[in-house]
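give me a model of this one.
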Amino acid sequence: MEAHDLLTAALTKAVMDGINPETQRDIFTRALYSHLFQPTRPNETDTPLTYAFDRALNGAVTKVAEKMMEEEPYRTQIRGAIHDALNAMMEDGSFVKKLTERVVYALGRAY
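Down below sits the predicted model:
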């Protein structure tokens, strides 16, 4: 253990030993609430709890999407939707221009 950790542990023990159990529970409850429900950084909206929920939800959605991609009716529908979207984008002159600029830029960086 580093000196900083030892000092923190000693200070925490000294403070907690001098406080009655009801106040200890109150401090712990407030600290836990603050940790779970308050953003950890200034100007941030996500709390650790919302971050964990978002990760779990994204994981579940990914699993459902992967399962759907294994089933042929969905695969055909998705393939058709992607095909239609790409055709629409290729017909849009501004998209083709931006795509061309990015390809030229990427090629220039590669050499």
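
next structured bit after the longest helix seen in the chain?
In the chain, assigned by DSSP state H, the helix with the most residues is helix 48-70. Next helix or strand after helix 48-70 toward the C-terminus (DSSP states H and E): helix 72-91.

so what does that following helix touch, helix or strand wise?
helix 48-70 (3 or more Cβ pairs under 8 Å, 6 or more residues apart in numbering; DSSP states H and E). Any C-beta I mention is one placed from the backbone N, CA and C, and that applies to glycine too.

by how many degrees do the helix it packs on and helix 72-91 diverge?
100 degrees (axes from the mean of the first three to the mean of the last three Cα atoms, to 10 degrees).

what's the neighbour count on Tyr74?
The burial count assigned to Tyr74 is 13, neighbours taken as other Cβ atoms under 10 Å.

do I have it right that it meets Ala65?
No - counting by Cβ atoms under 8 Å, Ala65 is not a contact partner of Tyr74; they are 9.3 Å apart.

list the buried ones in the helix-or-strand element of the chain with minimal mean pLDDT?
Sorting the helices and strands of the chain by mean pLDDT, DSSP states H and E puts helix 3-17 at the bottom, at a mean of 83. Going by neighbour count (16 or more other Cβ atoms under 10 Å), nothing in helix 3-17 comes out as buried.

what's the helix or strand following that helix packed up against?
Scanning forward in sequence from helix 3-17 by DSSP H and E, the next helix or strand is helix 21-37. On a contact count with 3+ Cβ pairs under 8 Å, 6+ apart, helix 21-37 meets helix 48-70.
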